[in-house]
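>>> everything below, folded, please.
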Amino acid sequence: MRKVGIVGEILVEIMAVEPGEGFRSPIALVGPFPSGAPAIFIDQMARFGHPCGLVGCVGEDDFGQLNIDRLRADGVDVSAIRVHERAATGSAFVRYRPDGSRDFVFNIRDSAAGQTTLTAEGRQMIAGCGHLHVMGSTLSAFGLAEAVEEALTIVKGKGGSVSFDPNLRKEILSAPGLTECLGRVLAATDVFLPSGDELFLMTEAKDEMGAARELLDRGVKVVVVKKGAEGAAWYDNERILTAPAFGVTQVDPTGAGDCFGAVLLACWLQGLNPTQALRTANAAGARAVMVKGPMEGAAFRADLEAWMAVH
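Numbers count the residues shown, from 1 in each chain. Okay, here's the model as predicted:
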């Protein structure tokens, strides 16, 4: 199996216990949870049994060790995670609004996460990967984007493949140079994994089928649109498939798209048929929303398959 590499932010997440508007008064919080979209993705990839590694940076503190311990225990190659001697581990404070939307307060740019570069250990790990996964959230910070593009050059230069999840939140859309960077990554992408309207960020077409066709004509091999409770759709040059979501009670949606993407990609790399890949990825997303904490719902493959057998 082709090893999957990813470059990106490693965070802890602190969550408000009750829904509300922002953080402008003292409230009850729960955490810290290991987090960061790239870390959630790669942890689910490892739990699904696919070889993988992460290039990142954490502080020399409890929050950093919390993340390293979790990733290592689940089978992620952590040899390229740098422990920064001065900067603190990145953080995200999140509060859900009554309508289900979220408010985030991020500390990424000025944290250890913002110091992520391709060190010698990082280049060595990426050189051993046959596939690179890219998160749009990582591209919003200039230094991290530079590291991602270097990793992309390494992987594509050896004939590897690339997947791309735009994963763009309102807090990062105004980052300087982001649009141009997104375009360069998309030009190298084999598997594109947008959520909802992210599909239209880089297309002229504004209907789903037309946008997917436009991306396929530009060289993307597979477009998979994540639709949350409405399931997912698969587009390639041979077929269009849809798969319904599993009906579950949502506790916390954070990380569901990352878990979906990791399992979908593992299935694609392992040669599973698209129908099976979509259903398995939908199951991973469903399992993720049933548990509080961004990484806590990531499923081991045997548990996921057993759960699917009765649902």
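>>> residue 235 is in contact with residue 242, correct?
No. Taking contacts as Cβ atoms under 8 Å, residue 242 lies outside contact range of residue 235: 10.0 Å. In this view, the C-beta of every residue, glycine as well, is placed from N, C-alpha and C.
>>> so, low pLDDT: which residues of the stretch 151-300 of the chain?
Low-confidence segments of the stretch 151-300 of the chain (pLDDT under 70): 169-176.
>>> tell me where it has strands.
Assigned by DSSP state E, counting those that start in this stretch, the stretch 151-300 of the chain shows strands spanning 161-165, 191-192, 222-226, 232-235, 240-243.
>>> hmm, residue 259 is touching residue 294, no?
No. Checked against Cβ under 8 Å, the pair residue 259 and residue 294 is beyond contact range at 9.6 Å.
>>> where do the strands sit along the stretch 1-150 of the chain?
Per DSSP E, counting those that start in this stretch, the stretch 1-150 of the chain carries strands over the ranges 4-7, 11-16, 29-35, 52-59, 81-84, 90-96, 102-107, 131-135.
>>> to residue 211, which of the ones you listed lies closest?
Comparing the strands of the stretch 1-150 of the chain against residue 211 with Cβ to Cβ, the closest turns out to be strand 131-135 (19.1 Å).
>>> strands paired with the closest one, and their directions?
Paired neighbours of strand 131-135 in the sheet (DSSP bridges): strand 4-7 (parallel), strand 161-165 (parallel).
>>> go through those strands and pick out the most buried.
Highest mean neighbour count of the strands paired with strand 131-135: strand 4-7, a mean of 28 (counted as mean count of other Cβ atoms under 10 Å).
>>> and for that one, what's in contact with it?
The contact list for strand 4-7 (Cβ atoms under 8 Å, 6 or more residues apart in numbering) reads 38, 41-42, 45, 50-56, 116, 118, 122, 125-126, 128-135, 138, 144, 147-148, 151, 155, 265-266, 269.
>>> from those residues, list the buried ones, please.
Using 16 or more other Cβ atoms under 10 Å as the burial test, these include 38, 41-42, 45, 50-56, 116, 118, 122, 125-126, 129-135, 138, 144, 147-148, 151, 155, 265-266, 269 as buried.
>>> coming back round to it: shared neighbours, residue 259 and residue 294?
residue 40.
>>> distance to residue 301 added to the strands paired with strand 131-135, as a markdown table?
Shown next, in a markdown table, are these (distance: least, Cβ to Cβ, whole Å):
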| stretch | distance to residue 301 |
| --- | --- |
| strand 4-7 | 15 |
| strand 161-165 | 19 |
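>>> so which of the ones you listed gets nearest residue 279?
strand 161-165 (18.8 Å).
>>> the nearest residue to residue 253 once chain neighbours are set aside and residue 100: what is the separation?
Leaving aside its sequence neighbours, residue 253 sits nearest to residue 289 (Cβ to Cβ, 6 or more residues apart in numbering; 5.0 Å). Distance of residue 289 to residue 100, computed by Cβ to Cβ, to the nearest Å: 11 Å.
>>> for residue 2, same thing?
36 Å.
>>> quick one on the thing from earlier: which neighbours do residue 289 and residue 100 have in common?
Shared contacts of residue 289 and residue 100, counting by Cβ under 8 Å, 6+ apart, come down to residue 253.
>>> neighbour count for the two, which is higher?
residue 289 (22 against 9; other Cβ atoms under 10 Å).
>>> quick one: contacts for that one?
248, 250-253, 256, 297.
>>> go on, residue 295?
33-35, 39-40, 43, 70, 255.
>>> for those residues, which one is nearest residue 104?
Of the contacts of residue 295, the one sitting nearest to residue 104 (Cβ to Cβ) turns out to be residue 35, at 10.8 Å.
>>> surely the closest one is in contact with residue 14?
No. Assessed by Cβ under 8 Å, residue 35 is found out of contact with residue 14, at 9.3 Å.
>>> quick one: low-confidence ranges for the stretch 1-150 of the chain?
In the stretch 1-150 of the chain (pLDDT under 70), the answer is 141-142.
>>> go again using 50 as the cut-off
For the stretch 1-150 of the chain, no stretch is flagged by pLDDT under 50.
>>> about what we covered before: quick one: which of residue 242 and residue 235 has more around it?
Taking neighbours as other Cβ under 10 Å, residue 242 and residue 235 compare with residue 235 leading, 24 against 14.
>>> hmm, who's touching stretch 217-232?
186-187, 189-196, 199, 208, 212, 215-216, 233-237, 242-245, 253, 256-257, 260-261, 264, 268, 278, 281-282, 285.
>>> just the buried residues of it, please?
220, 222-228, 231-232.
>>> okay, these in TSV with distance to residue 20 next?
Output for these, formatted as TSV (distance: Cβ to Cβ, whole Å):
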residue	distance to residue 20
220	40
222	39
223	37
224	34
225	31
226	27
227	27
228	22
231	30
232	31
